[in-house]
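> Quick check, what structure comes out for this input:
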Amino acid sequence: MTDFGNEEIPLAGAVTNAGRVFRVGDTVRRPWGAHSAGVQAVLARLDEKAPGTAPRPLGRDGQGREVVSWIPGDVALPPFPDWSLTDDYLASLGRLLRRVHDALDGWMPPAEVVWNPGFADPQGGPLIVHTDVCPENVVARNGLATGLLDWEFAAPGRRVWDVASTARLCVPFTHPSRRDPATARFGEHEIRRRLGILLDGYGLSDDGRSALPAVLDERRRAGERFVLGRVAAGDEAFAHWGTDTGRARLAAERDWVAGLPADLATQKEHGWAGRGSTG
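Numbers count the residues shown, from 1 in each chain. Have a look, this model is predicted:
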């Protein structure tokens, strides 16, 4: 690894902590918040059970900031590069998410930690899930997903909640108006095919696949509440969601998700049925 000494290099891609996340040597520093203790506990569990799938927790620095290890690799930023749009990348992301969930399954976090409610599963769940797996939060090597970054929105939830969130942000299984220009060329048949690749990579259970349409709508509502809450709070990074154009995009997404078929993830003509395992 390159030794950067004490130089602080701003990192791109952050939204909620924009301008406050830095690389220092082989570490990453970010503000310590109410949820940082929980994040450090999750990362410690993953470092023990699935090393390399997330940064290692390194406590706090002299300025009181949260410190985690730097994970070398490639991170896709908009406009997303071609390597991050391949079937192999998407399948590997499903496998990575499954490995992370399996490592966290059965783990009891410290009782005193507080979780971020931003994208939390409204039904709660038996394990701590990431809730915000987007391309900007995935480290890849040789075009395959290897690690998940930015666990600040981690919270108790269901496996299918994290799968649905990942599908929305990475397939991207959303209304066309919400897609990055690099994925705008994907037609609806291609988007559904890509969803199947992610689900098969994860090995989502038949029960999870049956629940997916409803969970996608729950996750949509959580995302809408989050962005409109940031608008109400005066967060300039989210101001566009309060405009007529932004609200129209939210409405289009609402209608698009409402129109999804109940057998979305189990349609035999797509070859998806019966390919799940657990979760």
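> Quick one: the strands in this structure, in order.
8-10, 22-24, 27-30, 57-60, 66-69, 127-129, 138-141, 144-148, 155-157 (DSSP state E).
> Reformat those strands as a markdown table; add mean pLDDT, mean neighbour count and distance to residue 255.
Heads up, the C-betas are built off the backbone N, CA and C, glycines and all. Listed next are those as a markdown table, based on pLDDT from 0 to 100; neighbours: other Cβ atoms under 10 Å; distance: least, Cβ to Cβ, whole Å:
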| stretch | mean pLDDT | mean neighbour count | distance to residue 255 |
| --- | --- | --- | --- |
| strand 8-10 | 93 | 11 | 38 |
| strand 22-24 | 96 | 16 | 41 |
| strand 27-30 | 96 | 20 | 37 |
| strand 57-60 | 98 | 15 | 42 |
| strand 66-69 | 98 | 20 | 39 |
| strand 127-129 | 97 | 25 | 27 |
| strand 138-141 | 98 | 20 | 29 |
| strand 144-148 | 98 | 22 | 31 |
| strand 155-157 | 98 | 21 | 26 |
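> Which residues are in contact with residue 164?
Shown in contact with residue 164 (Cβ atoms under 8 Å, 6 or more residues apart in numbering): 212, 215-216, 218-219.
> Out of these, flag the one nearest to residue 17.
Ranked by distance to residue 17 (Cβ to Cβ), the contacts of residue 164 are led by residue 219 at 22.0 Å.
> What is the burial count for that closest one?
26 (other Cβ atoms under 10 Å).
> Compute the distance between it and residue 143, please.
Residue 219 sits 27 Å away from residue 143, going by Cβ to Cβ, to the nearest Å.
> cool, residue 89 as well?
Taking Cβ to Cβ, one finds residue 89 at 6 Å from residue 143.
> Have a look at the two and say which one is more surrounded.
residue 89 (21 against 14).
> For the residue nearest in space to the middle of the chain, give me its contacts.
Taking Cα atoms, centre = their mean, the centroid of the chain lies closest to residue 133, which sits 1.1 Å from it. Neighbouring residues of residue 133 by Cβ under 8 Å, 6+ apart: 93, 97, 148, 162, 165-166, 169-170.
> ok, those residues vs residue 111, which is closest?
When these are compared against residue 111 (criterion: Cβ to Cβ), the nearest one is residue 162, at 22.4 Å.
> Find the nearest non-adjacent residue to that closest one, please.
residue 129 (4.0 Å; Cβ to Cβ, 6 or more residues apart in numbering).
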